[in-house]
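Student: I would like to see how this sequence folds:
(one chain, ligands or ions: 1)
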Amino acid sequence: MPQTTISAYVEAVRSGRTTARQMIDVTLGAIEAANPKLNAYREVFPEEARAAADRIDERIAQGENPGPLAGAPISIKDNIATTLGRTSAGSKMLADYRSPFDATVVERLTKAGAIIVGKVQCDEFGMGSSGENCAFGPTRNPHDDRRVAGGSSSGSAAAVAAGLGLASIGSDTGGSVRLPASFCGVVGVKPTYGRVSRYGLVAYGSSLDCIGPITNSVADAATLLRIMAGHDPRDATSSTREVFDLVTEVDQPGRSIRLAVPKKARSDQNDEAVNDAFARVVDHFRESGTEIIEVDFPLADYGLATYYVLAPAEASSNLERYDGIRYGHRAEPVTGESLEELYARSRGEGFGEEVKRRIMLGTFVLSAGYHDAYYLKALKARRLIHDAFTDIFRSCDAMLTPTAAMPAFRIGERADPIHMYLCDRYTVNANIAGLCAMSLPAGMIDLDGSALPFGVQLQAPKFAESSMLRIAQQFEQSRPSMVGRGPGS
Ligand code: GLN
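Tutor: Numbers count the residues shown, from 1 in each chain. Down below sits the predicted model:
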């Protein structure tokens, strides 16, 4: 599929240079050809997508305006509720679950003219950094199919990078939009906590969860964010703040930018190639007039430990609902078995290893006697990390770091859970503090005969999406050669 931005494509459809039906047919063909290898899509909706495209084309023919996303093929992460197909959150527990309602984001996108072409794979309940913890198999990286796509929104990032749809909607609890975006060379935005309604998102860590777009360009991310953002009475944590016209603001060149770069952003915990690539990005920002302010951010080192107490604690509580009775997989009942035994067997069969590990960890840190030592302590660390960001943002517009300490690794290479958690080193802090953040393609790294995408992360104050996207777009436009695109483009 030719890679184009959403606005260019929608313009072409609305002016009659192409039809929505044509684009959908091309997209469906591309999915059919590439998906058996990549395993980005869990399910595709060819008939519904073609019918939706025909409806859009008809409306255009009648002179109607079918909306700012007219005919744009978009995929939805498997943990976001859609009435079309299944909503399995990458888990055997929900393998056949069909949602009776659409998530608010799905409703808003569809109303704006988007066409939902399918559901895309993810780590089970969003727990993972590589896409390997998925009950329906790992997603492969379109740049090198021996490697992971990154997680947990693995299918979203791989689909966009491979041109299997113009954009995808993922979720980010500790980096799940940004990490796969960086591994696949596409743009991924985690909005401020509360900016986008979580209604219809399968809950993982409710104080951290955010829904965000994965796209080919910063402008596309802004377009989708503007449509998805805004208060929703069905999610009490969604903000009532006004949604600014992100697209217009993004296009406006601004005053000179000040970026904080933590002294430890280049460290021996990063792959050497990541340190080199990051240094080039910092130089580029400096040369193009950005003021780089080196900051000490020692608390950042506590982010991972804090996150891996808070997220499992919230997960252990959220996942209680999967008891095999009200929800999800039920083990075959055995005569004489108690209800509790049936719960235990259903959960034992339905959940994967990593999910069980998180439930045990979470239950432990919340248990009497350990609650103060772990959970409360993590809440205190959360406040300190939040306040440290507030201090830094008094004099800087945003913070720049690599998105991950490494490029995409080989499938099976990080079998040890702690080793996997280390992938989230740079991303968890934005969720802990409730900030907005994004990953931006920033060039390629040559490794073992493959050219692998490298991503940088911008973290900005709460509700500063417009200025964060403006910084990102200036970078994208000033160094188009650094901006990795899909392997086929
Ligand atoms: N990798 C992190 C985890 O496993 C973050 C995942 C996410 O953002 N959903 O919890």
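Student: Quick check: the residue of the stretch 201-350 of the chain nearest the ligand.
Tutor: residue 311 (5.1 Å; Cβ to the nearest ligand atom). C-beta: built from backbone N, CA, C; applies to glycine.
Student: Okay, strands next: where are they in this protein?
Tutor: With DSSP state E, the ranges of strands along the chain come out as 41-44, 73-77, 115-120, 140-141, 144-148, 167-172, 187-190, 210-215, 258-262, 291-295, 398-402, 436-447, 450-460.
Student: Point out the most buried one among those.
Tutor: strand 187-190 (a mean of 33; mean count of other Cβ atoms under 10 Å).
Student: strands paired with it, and their directions?
Tutor: Take DSSP bridges as the rule and strand 187-190 pairs in its sheet with strand 210-215 (antiparallel), strand 436-447 (antiparallel).
Student: hmm, who's touching the shortest one?
Tutor: What that stands for is strand 210-215. 6, 80, 103, 105, 153, 156-157, 160, 166-173, 177, 180-181, 186-193, 195-198, 201, 220-221, 224-225, 228, 431 (Cβ atoms under 8 Å, 6 or more residues apart in numbering).
Student: Any idea how far it is from the middle of the chain?
Tutor: 5 Å (Cα atoms, centre = their mean, to the nearest Å).
Student: Does that strand reach the ligand?
Tutor: No: Strand 210-215 lies out of reach of the ligand by Cβ under 6 Å from any ligand atom, never closer than 8.6 Å.
Student: picking up where we left off before, okay, the strands of the chain in TSV with distance to residue 278 and mean pLDDT next?
Tutor: TSV is the format used below for the strands of the chain (distance: least, Cβ to Cβ, whole Å; pLDDT from 0 to 100):
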stretch	distance to residue 278	mean pLDDT
strand 41-44	32	98
strand 73-77	28	98
strand 115-120	29	98
strand 140-141	20	98
strand 144-148	20	97
strand 167-172	21	98
strand 187-190	17	98
strand 210-215	22	98
strand 258-262	9	97
strand 291-295	12	97
strand 398-402	5	97
strand 436-447	8	96
strand 450-460	7	97
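Student: what's the straight distance from one end of stretch 166-182 to the other?
Tutor: 17 Å (Cα to Cα, to the nearest Å).
Student: That one and the ligand in contact?
Tutor: Yes: judged by Cβ under 6 Å from any ligand atom, stretch 166-182 comes into contact with the ligand through 172-176.
Student: Name the residues of the stretch 351-489 of the chain found near the ligand, please.
Tutor: Counting by Cβ under 6 Å from any ligand atom, the stretch 351-489 of the chain sits next to the ligand at residue 424.
Student: rewinding a little: now for the residue of the stretch 201-350 of the chain closest to the ligand: which residues touch it?
Tutor: 173-174, 204-205, 208, 358, 362.
Student: who touches the lengthiest helix in the chain?
Tutor: Within the chain, and with DSSP state H defining each element, the longest helix by residue count is helix 20-38. Helix 20-38 has contacts (Cβ under 8 Å, 6+ apart) with 1-2, 9, 13, 40-41, 44, 46, 49-50, 52-54, 56-57, 60, 70-71, 73, 115, 117-118, 139-140, 142, 145, 149, 158-159, 162-165.
Student: among the residues you listed, which ones are buried?
Tutor: When the contacts of helix 20-38 are checked for burial by 16 or more other Cβ atoms under 10 Å, the buried set is 1, 9, 13, 40-41, 44, 49-50, 52-53, 56-57, 60, 70-71, 73, 115, 117-118, 139-140, 142, 145, 149, 158-159, 162-165.
Student: just to revisit the earlier point, can the residues of stretch 166-182 next to the ligand go into a markdown table with extra columns for distance to residue 267?
Tutor: Shown next, in a markdown table, are the residues of stretch 166-182 next to the ligand (distance: Cβ to Cβ, whole Å):
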| residue | distance to residue 267 |
| --- | --- |
| 172 | 23 |
| 173 | 24 |
| 174 | 20 |
| 175 | 18 |
| 176 | 23 |
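Student: and the nearest residue to residue 365 once chain neighbours are set aside, how far is that from residue 362?
Tutor: Closest residue to residue 365 apart from its sequence neighbours, by Cβ to Cβ, 6 or more residues apart in numbering: residue 374 at 3.8 Å. Plainly put, residue 374 is 10 Å away from residue 362 if you go by Cβ to Cβ, to the nearest Å.
Student: Settle it for me: which of those two has more neighbours?
Tutor: Taking other Cβ atoms under 10 Å, residue 374 and residue 362 do not tie; residue 362 has more neighbours (25 against 20).
Student: Please give me every residue in contact with that one.
Tutor: Here residue 362 is in contact with 311-317 (criterion: Cβ under 8 Å, 6+ apart).
Student: for residue 68, same thing?
Tutor: If you count contacts by Cβ under 8 Å, 6+ apart, then residue 68 has 10, 112-113, 223, 227 around it.
Student: Now with 6 Å, please.
Tutor: residue 112 (Cβ atoms under 6 Å, 6 or more residues apart in numbering).
Student: Likewise for residue 188?
Tutor: Residue 188 neighbours (Cβ under 6 Å, 6+ apart): 177-178, 181, 214, 439.
Student: And residue 170, by the same measure?
Tutor: 77, 153, 156, 177, 214.
Student: how close does it get to residue 152?
Tutor: Counting by Cβ to Cβ - residue 170 and residue 152 are separated by 8 Å.
Student: quick revisit: quick one: the strands of the chain as CSV, columns for distance to residue 341 too.
Tutor: CSV is the format used below for the strands of the chain (distance: least, Cβ to Cβ, whole Å):
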stretch, distance to residue 341
strand 41-44, 31
strand 73-77, 34
strand 115-120, 33
strand 140-141, 39
strand 144-148, 37
strand 167-172, 33
strand 187-190, 41
strand 210-215, 37
strand 258-262, 51
strand 291-295, 55
strand 398-402, 48
strand 436-447, 44
strand 450-460, 46
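Student: Within range of the ligand, give me the residues from the stretch 201-350 of the chain.
Tutor: Going by Cβ under 6 Å from any ligand atom, the residues of the stretch 201-350 of the chain near the ligand are 204, 311.
Student: hmm, try it at 8 Å
Tutor: 204-205, 208-209, 307-308, 311 (Cβ under 8 Å from any ligand atom).
Student: if we can go back for a sec, and the strands paired with strand 187-190: which comes nearest residue 353?
Tutor: strand 210-215 (25.7 Å; Cβ to Cβ).
Student: Cross-check the contacts of helix 20-38 against the ligand and keep the overlap.
Tutor: Filtered for proximity to the ligand (Cβ under 8 Å from any ligand atom), the contacts of helix 20-38 leave an empty set.
Student: mind listing which of those are in helices?
Tutor: 9, 13, 46, 49-50, 52-54, 56-57, 60, 158-159.
Student: Now for the protein, the helix or strand with the poorest mean pLDDT.
Tutor: Taking mean pLDDT, DSSP states H and E as the measure, the chain has helix 246-251 as its least confident helix or strand, at a mean of 58.
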